[in-house]
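**Q** Okay, sequence plus prediction incoming.
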Amino acid sequence: MAAHHAAGLRPWYRLHASTWVVVAAVTCGVVFVEIPAEVTVHYIHYADRYTEYKHGWPWVYLEHSTGYDFSDPLNSIEADAIPWLHAVCWNVAAPHKPESTRYRPRYIAPDVLVGLLLICVAGFLAEWRRRRRRVWQFSLGELLIGVLLSAAALGWWRYRQDGRKKLFEDARMPESRSPLGIRDTTTSISFDFGYAGPAWLARLVGKGPLEAFNAPVAAFILGNDPVPAIRELSKRKRMTVYLRQISVSHFYFEGEVRLADLDEESIRVLTQLPSVQTISIYACRLDDRALHRLAEMPNLRKLDLDRCGGMTEAGIACLRASRHIEVLQLRETPFRAEP
């Protein structure tokens, strides 16, 4: 009784050793989530690859990317690597060229506050429980809550695995037709599956053991008439909800440079994809109305126009003035003066 009374008079600042263990573990987790970069590998036009690094959670305060050079050591890291085990992921001191580095200092303070809040809450709950029970003493209610949480986690994991299998089935098409189900077999579409789960979880354990969260994050359209393929995307809501990257490549024979016309309907489909952050368009013709619609996409961060035409200086100026587009690449893309 006297011991219990003494424990009740324990000053608030005298934390138990078990509480310090919890605080230390949560602090390490917060550091591993907020400082090392999440690694994302992107492929453009099937061959070119660049690696993107994102620092900060829940808001990204630093984002930088490599070029398309495969000899660059920063471009050779595996997509499923555990970030905090690789020194390159800890580099936050302008690791790349200014044009490929985007600092957002306004997000540093909110990220730090969220991390401190998580540490304080974990410490408070650990100490609150410790002052009422021994470390390994559990009530029936606590055991029941633990069983329910474990069952919910396992059920959620199984749900994600079943959903991933359905997405893979949707990505497969009958062999007797083109990958689109379109009779023009020279036009095809393929989906690249990647991680689409919580960013904090991938930063802690890497994306390798989290295949249940894989989903189609990129779509590659290649052919002599990409418009039907783009329209096909509007019929696949389950496939397109996770898409972060779209690559549209018009194929033409060497020496016969012809631009494919992207009509208003195909541009509407592209601009209505909810999660797309990167769009790459190769050898297509876009008018200024299409550029205006692309500039208004709220989630679009990178736009790559390669050997495209049909646009004017006014349309390009609209893209450059966009508040959302952070990277605009124009490669061999001529544009005429405004008529």
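**A** Received the coordinates, thanks. Numbering: from 1, shown residues only.
**Q** contacts, neighbours, all on C-alpha from now
**A** Will do.
**Q** neighbours around the residue nearest to residue 333 when sequence neighbours are not counted, how many?
**A** In space, and not counting its chain neighbours, residue 333 is closest to residue 307: 4.6 Å by CA to CA, 6 or more residues apart in numbering. Using other CA atoms under 10 Å, residue 307 has 17 other residues around it.
**Q** Do I have it right that residue 307 meets residue 280?
**A** No: the pair residue 307 / residue 280 is not scored as a contact, 11.0 Å apart, by CA atoms under 8 Å.
**Q** Tell me the strands beside the biggest strand by length in the chain, with direction?
**A** Taking DSSP state E as the criterion, the chain has its longest strand at strand 214-223. Using DSSP bridges, strand 214-223 pairs in its sheet with strand 188-195 (antiparallel), strand 245-250 (parallel).
**Q** export that strand as PDB, just CAs?
**A** What follows is strand 214-223, C-alpha atoms only, in PDB (Å, rounded to 0.1, in the frame of the first residue of the first chain):
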ATOM      1  CA  ASN A 214       1.200  -2.200 -55.600                       C
ATOM      2  CA  ALA A 215      -1.100  -0.600 -58.100                       C
ATOM      3  CA  PRO A 216      -0.900   0.800 -61.700                       C
ATOM      4  CA  VAL A 217       1.000   4.100 -61.100                       C
ATOM      5  CA  ALA A 218       2.000   4.700 -64.700                       C
ATOM      6  CA  ALA A 219       0.500   4.100 -68.100                       C
ATOM      7  CA  PHE A 220       2.500   4.000 -71.400                       C
ATOM      8  CA  ILE A 221       0.700   4.600 -74.700                       C
ATOM      9  CA  LEU A 222       2.600   3.800 -77.900                       C
ATOM     10  CA  GLY A 223       1.300   3.600 -81.400                       C
END
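**Q** pLDDT on it, on average?
**A** Averaged across strand 214-223, the pLDDT comes to 84.
**Q** distance between that strand and the chain's centre?
**A** 14 Å (CA atoms, centre = their mean, to the nearest Å).
**Q** helix or strand right after that strand?
**A** From strand 214-223 onward toward the C-terminus, using DSSP states H and E, the following helix or strand is helix 226-233.
**Q** now the angle from that next one to strand 245-250?
**A** Counting by axes from the mean of the first three to the mean of the last three CA atoms, to 10 degrees, helix 226-233 lies at 150 degrees to strand 245-250.
**Q** In the following helix or strand past helix 226-233, which residues are buried?
**A** Using DSSP H and E, the helix or strand that follows helix 226-233 in sequence is helix 237-240. By 16 or more other CA atoms under 10 Å, the buried positions in helix 237-240 come out as 238, 239, 240.
**Q** Spatially, what comes nearest to residue 267 if we skip its sequence neighbours?
**A** Among residues not flanking residue 267 along the chain, residue 290 sits closest, at 6.3 Å (CA to CA, 6+ apart).
**Q** Confirm that that neighbour sits in a strand.
**A** No: going by DSSP: H, G, I helix; E, B strand; the rest coil, the assignment for residue 290 is helix, not a strand.
**Q** Run a quick neighbour tally on it.
**A** When neighbours are counted by other CA under 10 Å, residue 290 comes out with 19.
**Q** That one contacts residue 269, correct?
**A** No: using CA under 8 Å as the test, residue 290 is too far from residue 269 to be in contact (11.3 Å).
**Q** before we move on, the earlier item: is it possible to get the strands paired with strand 214-223 out as CSV so that each row also shows distance to residue 60, mean neighbour count and mean pLDDT?
**A** As requested, the strands paired with strand 214-223 are exported to CSV (distance: least, CA to CA, whole Å; neighbours: other CA atoms under 10 Å; pLDDT from 0 to 100):
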stretch, distance to residue 60, mean neighbour count, mean pLDDT
strand 188-195, 17, 19, 82
strand 245-250, 18, 23, 84
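**Q** Buried residues in the helix of greatest length in the chain, which are they?
**A** The longest helix of the chain (DSSP state H) is helix 140-171. For helix 140-171, a neighbour-count test (16+ other CA under 10 Å) marks 160, 161, 163, 164, 167, 171 as buried.
**Q** How far off centre is that helix?
**A** Per CA atoms, centre = their mean, the centroid offset for helix 140-171 relative to its chain is 22 Å.
**Q** List the beta-bridge partners for the closest residue to residue 215 other than its chain neighbours.
**A** Distance criterion CA to CA, 6+ apart; nearest residue to residue 215, sequence neighbours excluded, is residue 193 at 5.0 Å. Beta-bridge partners of residue 193, counted by DSSP bridges, are residue 216.
**Q** which residues touch residue 193?
**A** 214, 215, 216, 217, 218 (CA atoms under 8 Å, 6 or more residues apart in numbering).
**Q** By neighbour count, which of those wins?
**A** residue 215 leads the contacts of residue 193 on contacts (other CA under 10 Å) with 26 neighbours.
**Q** per-residue confidence for the closest residue to residue 230 other than its chain neighbours?
**A** Here the nearest residue to residue 230 in space, its sequence neighbours aside, is residue 266; by CA to CA, 6+ apart that works out to 5.7 Å. pLDDT recorded at residue 266 is 86.
**Q** In the stretch 51-200 of the chain, where is pLDDT below threshold?
**A** 67-75, 94-99, 169-186 (pLDDT under 70).
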